[in-house]
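Visitor: Let's see this in three dimensions:
(2 chains)
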Amino acid sequence: MAFSPSPVNWLKRHLVVIAGLLTLAYLLLPNVVVTVFSFNKPNGRFNYEWQQFSTDAWKDPCGVAGLCGSLSLSLQIALWATLGATALGTAIAFALVRYRFRARGTINSLIFLPMAMPEVVMAASLLTLFLNMGARLGFWTILIAHITFCLSFVVTAVKARVMSMDPRLEQAAQDLYAGPFQTFVRVTLPIAAPGIAAGALLAFALSFDDFIITNFNAGSTVTFPMFVWGSAQRGTPVQINVIGTAMFVVAVLFVLVSMVIGNRRNRRTA
Amino acid sequence: MTTNSTKNQTAATDGGGDVRLTGITKTYGSFTAVHPLDLTVPQGSFFALLGASGCGKTTTLRMIAGLEEPSGGTVHLGDQDVTALPPYKRPVNTVFQSYALFPHLDIYENVAFGLRRRGIKSVKKQVGEMLDLVQLGEQARRKPHQLSGGQQQRVAVARALINHPKVLLLDEPLGALDLKLRRQMQLELKRIQTEVGITFVHVTHDQEEAMTMADQVAVMNAGRVEQLGTPADLYENPRTTFTANFLGTSNLIEAEVDTRSGDDVVVRAAGDKLVLPGARCSAPAKAGGTVLVGVRPEKISLTHADDAGSVPEGRNRITGRISNTSFIGVSTQYVVDCAACPEFEVYVQNIDRDARLAPGAEVVLHWNPAHTFGLDAAQDIDAGVAEGEAA
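Guide: From the prediction side, this is the model:
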């Protein structure tokens, strides 16, 4: 009597798998709902009840006034904020790990502050700062705010990578006739690249869907998250679900492609 | 391309590949890692810097490589003063401790790195030959982490050697390998050095490694070179207690100088009269002064006290009692308690074993006076003992 095929035993053996699948379903269900309702043809302004299948919204994603404009603005801001935060954050991370200077410890802890601070607090203080400076709220204030809060995430990601780097690798490069610039491009950067890439992806995701800080500092400019929020007051166009689904698919494709590339590289070198 | 052509020019004009350090020194704040040091490494030689950790040997090596800026003094390669040159402009390459292979490049690209940085386009032939020299042709497309420790070590050597440096610097290159592999790599490195004829400067804390591989050894201690010479010379004629204890084992006895008779110095240690050649005494041997008399454990013969009469005349002799023996196989190691020296070590080859030589037995220790050396008694008699054992 080693094993009885009773349902209780079956449950016991597969408990971990079942729990995992349930968690996955819990996480993915909202995405499924968004996708399903992107094919809806609602009666009236609100897209909350299933009426009938239609691909109208997919055929005309920019059919709602202001939607594609806000989307393109959000993408632009996310792109520039990612570039800015990644460049600055990488430099800061290298400085913090490689150099000993006064106030290094203070900067090390200050860098974490934007991550720990409630977003409303940061949003309000940035707004105060911009108003006191007499800055006109819009694209540039949003961009500056986004770089500010993305910075700490990039620094954290890159710092971890740089800290685990052997300084002798750069010395070896110098010993092998690589000048400072060549050493940085050929050795330092490629080895730090995974950390920098992780930081950049994080920055892009954070910037793209930020609402609170953006809402405080946008003035009359409307980003995509603000557009969604605004339209939800008056009615939700199906196009919002279309854009949401498209972004989800792009993200999943991105992950799949990078996995395939990683696997192929491993197989080649093994 | 420019760096390459200048390099070739300098190689053609100054010819010599000697490494000359003149008054070179390195201080970190109030700590002096290397005291002003003069050292010449002849071209084409296999030179070892030997010492315990923290003695300044690696700092000296890094100053030759340009990775450490000296606080004073100059570094010459041949006739060229390279003191102010950054590492990437020196015709010197290094095999780093734990190798420092580039993890994001495969073996081929690791080896080709130096050539490519000098603007050489067609590297295929050279890289192939170099990988063959270190027997890694099959592994060219693998990443460093997929190789064993010994293979990684060979890649590090190939990566440095392919540039035909004037000097190859090796920073404890075998430290991370297990004993058997280390012996094998010692021979391998020696073979490569003989084949390519490049000057090797090898830093190690392993006295056996230094002695088996190097033509010349500089023994370093606390930022200074204690003694410089061939392995045999250092072993047979140590001039300081540190060298005597760090390289192998020495029995050191404090003795009072009695007389000088011709070329010999006669000393007294706890009633025993000992003779040593004046030429082998590095201390001023004035009558009435003290010297440290030294003799290596394997030079000594052991005779049971009952046969004391059979000891030939003219040999240095000391009496004592065996306190400990350990059988090693080829030899037996005895520790003898003497009046002059409480722990006298004697290694005897197991040719005819005398069963009476057991702990507690009274014995006569005797050796050829020519094998005795004399050291300045003002030094610490135990200098280098612990370091030698740790290594």
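Visitor: how about the residues of the stretch 51-200 of chain B near chain A?
Guide: Neighbours of chain A within the stretch 51-200 of chain B, by Cβ under 8 Å from any Cβ of the partner chain: B:65-67, B:86-89, B:92-94, B:96-98, B:100-104, B:106, B:113-114, B:117-118, B:141-143, B:146, B:159-160, B:163. Bear in mind the C-beta positions are built from the backbone N, C-alpha and C, glycine included.
Visitor: at 7 Å what do you get?
Guide: Neighbours of chain A within the stretch 51-200 of chain B, by Cβ under 7 Å from any Cβ of the partner chain: B:65, B:67, B:87-88, B:93-94, B:96, B:100, B:102-104, B:113-114, B:117-118, B:142-143, B:146.
Visitor: Any of those residues buried? List them.
Guide: B:65, B:67, B:87-88, B:93-94, B:96, B:100, B:102, B:104, B:113-114, B:117-118, B:142-143 (16 or more other Cβ atoms under 10 Å in any protein chain shown).
Visitor: picking up where we left off before, just the ones in helices from the residues of the stretch 51-200 of chain B next to chain A, please.
Guide: Among these, the members found in helices (DSSP state H) are B:Ala65, B:Phe113, B:Gly114, B:Arg117.
Visitor: How about the last one, nearest residue that isn't a chain neighbour?
Guide: Looking back up the chat, that one is B:Arg117. Excluding its sequence neighbours, the residue lying closest to B:Arg117 (Cβ to Cβ, 6 or more residues apart in numbering or on different chains) is A:Tyr177, at 4.1 Å.
Visitor: Can you tell me the SS state at the one you found?
Guide: Under the three-state scheme (DSSP: H, G, I helix; E, B strand; the rest coil), A:Tyr177 adopts coil.
Visitor: now the one 5 residues further on
Guide: Going by three-state DSSP, the secondary structure assigned to A:Gln182 is helix.
Visitor: correct me, but it touches B:Arg117?
Guide: Yes - the pair A:Gln182 / B:Arg117 is scored as a contact, 6.0 Å apart, by Cβ atoms under 7 Å.
Visitor: Overlap in contacts, these two.
Guide: Common contacts of A:Gln182 and B:Arg117 (Cβ atoms under 7 Å, 6 or more residues apart in numbering or on different chains): none found.
Visitor: A:Ser231: what's its closest spatial neighbour, skipping adjacent residues?
Guide: A:Pro237 (6.4 Å).
Visitor: burial count for the one you found?
Guide: When neighbours are counted by other Cβ atoms under 10 Å in any protein chain shown, A:Pro237 registers 22.
Visitor: pLDDT score for it?
Guide: The model reports A:Pro237 with a pLDDT of 86.
Visitor: From A:Gly244, how far out is it?
Guide: Counting by Cβ to Cβ, to the nearest Å, the gap from A:Pro237 to A:Gly244 is 12 Å.
Visitor: ok so, going back, could you check how far the residue nearest to A:Ser231 is from chain B?
Guide: 47 Å (Cβ to the nearest Cβ, to the nearest Å).
Visitor: Do I have it right that that residue meets A:Phe227?
Guide: No - with contact defined as Cβ under 7 Å, A:Pro237 does not reach A:Phe227; the gap is 9.9 Å.
Visitor: Could you pull up the residues touching A:Gln239?
Guide: The contact partners of A:Gln239, by Cβ under 7 Å, 6+ apart, come to A:Ala57, A:Pro61, A:Gly63, A:Val64, A:Leu67.
Visitor: Output those in a markdown table, with pLDDT, neighbour count and secondary structure appended to each entry.
Guide: Shown next, in a markdown table, are those (pLDDT from 0 to 100; neighbours: other Cβ atoms under 10 Å in any protein chain shown; DSSP: H, G, I helix; E, B strand; the rest coil):
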| residue | pLDDT | neighbour count | secondary structure |
| --- | --- | --- | --- |
| A:Ala57 | 84 | 24 | helix |
| A:Pro61 | 84 | 18 | coil |
| A:Gly63 | 80 | 14 | coil |
| A:Val64 | 83 | 20 | coil |
| A:Leu67 | 87 | 21 | helix |
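Visitor: need these in CSV with distance to A:Phe94, can you?
Guide: Output for these, formatted as CSV (distance: Cβ to Cβ, whole Å):
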residue, distance to A:Phe94
A:Ala57, 46
A:Pro61, 42
A:Gly63, 47
A:Val64, 45
A:Leu67, 40
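Visitor: and which of those is nearest to chain B?
Guide: When the contacts of A:Gln239 are compared for distance to chain B (Cβ to the nearest Cβ), A:Pro61 wins out at 40.7 Å.
Visitor: got the contact list for the closest one?
Guide: With contact taken as Cβ under 7 Å, 6+ apart, A:Pro61 is in contact with A:Gln239, A:Val242, A:Ile243.
Visitor: quick one: the first one and chain B, what's the gap?
Guide: Looking back up the chat, that one is A:Gln239. Counting by Cβ to the nearest Cβ, the gap from A:Gln239 to chain B is 44 Å.
Visitor: for the last one, same thing?
Guide: If you measure A:Ile243 against chain B using Cβ to the nearest Cβ, the figure is 37 Å.
Visitor: And the helices in the stretch 101-250 of chain B?
Guide: With DSSP state H, counting those that start in this stretch as the definition, the stretch 101-250 of chain B shows helices at residue ranges B:107-117, B:124-133, B:149-161, B:179-196, B:207-213, B:231-236, B:241-246.
Visitor: Show me the helices in chain A, by range?
Guide: Using DSSP H, helices in chain A cover A:7-13, A:15-37, A:56-59, A:67-98, A:104-110, A:113-116, A:119-133, A:139-163, A:167-175, A:180-183, A:189-208, A:212-217, A:224-234, A:238-269.
Visitor: Out of those, the one nearest B:Arg321 is which?
Guide: helix A:167-175 (53.4 Å; Cβ to Cβ).
Visitor: what angle sits between that closest one and helix A:189-208?
Guide: Relative orientation of helix A:167-175 versus helix A:189-208 (axes from the mean of the first three to the mean of the last three Cα atoms, to 10 degrees): 120 degrees.
Visitor: helices and strands around helix A:167-175, which ones?
Guide: Counting contacts by 3 or more Cβ pairs under 7 Å, 6 or more residues apart in numbering or on different chains; DSSP states H and E, helix A:167-175 packs against helix A:180-183.
Visitor: how about a cut-off of 10 Å?
Guide: Under the contact criterion of 3 or more Cβ pairs under 10 Å, 6 or more residues apart in numbering or on different chains; DSSP states H and E, helix A:167-175 touches helix A:67-98, helix A:180-183, helix B:57-65, strand B:92-95, helix B:107-117, helix B:149-161.
Visitor: Out of these, which is closest to B:Asp306?
Guide: Taking those one by one with Cβ to Cβ, helix B:57-65 is closest: 49.6 Å.
Visitor: neighbours of residue 192, just the number please.
Guide: You didn't say which chain, so I picked chain A. Other residues lying near A:Ala192 total 20 when counted by other Cβ under 10 Å.
Visitor: nope, chain B please
Guide: B:Ile192: 18 neighbours (other Cβ under 10 Å).
Visitor: can I assume it is in contact with B:Pro173?
Guide: No - between B:Ile192 and B:Pro173 there is no contact under Cβ atoms under 10 Å: 11.6 Å.
Visitor: which residues are in contact with both of the two?
Guide: B:Val157 (Cβ atoms under 10 Å, 6 or more residues apart in numbering or on different chains).
Visitor: and B:Met213, what does it touch?
Guide: B:46-48, B:170, B:174, B:185-187, B:189-190, B:193, B:200, B:202, B:204, B:206, B:231.
Visitor: Nearest to A:Pro190 among these?
Guide: B:Leu170 (26.4 Å).
Visitor: pLDDT weak spots in the chain?
Guide: No chain was given, so I picked chain A. Along chain A, segments meeting pLDDT under 70 span A:1-5, A:266-270.
Visitor: Let me rephrase: I mean chain B.
Guide: B:1-16, B:386-391.
Visitor: hmm, 80 instead?
Guide: Scanning chain B with the threshold set as pLDDT under 80 gives B:1-17, B:176, B:261-262, B:271, B:283-287, B:353, B:384-391.
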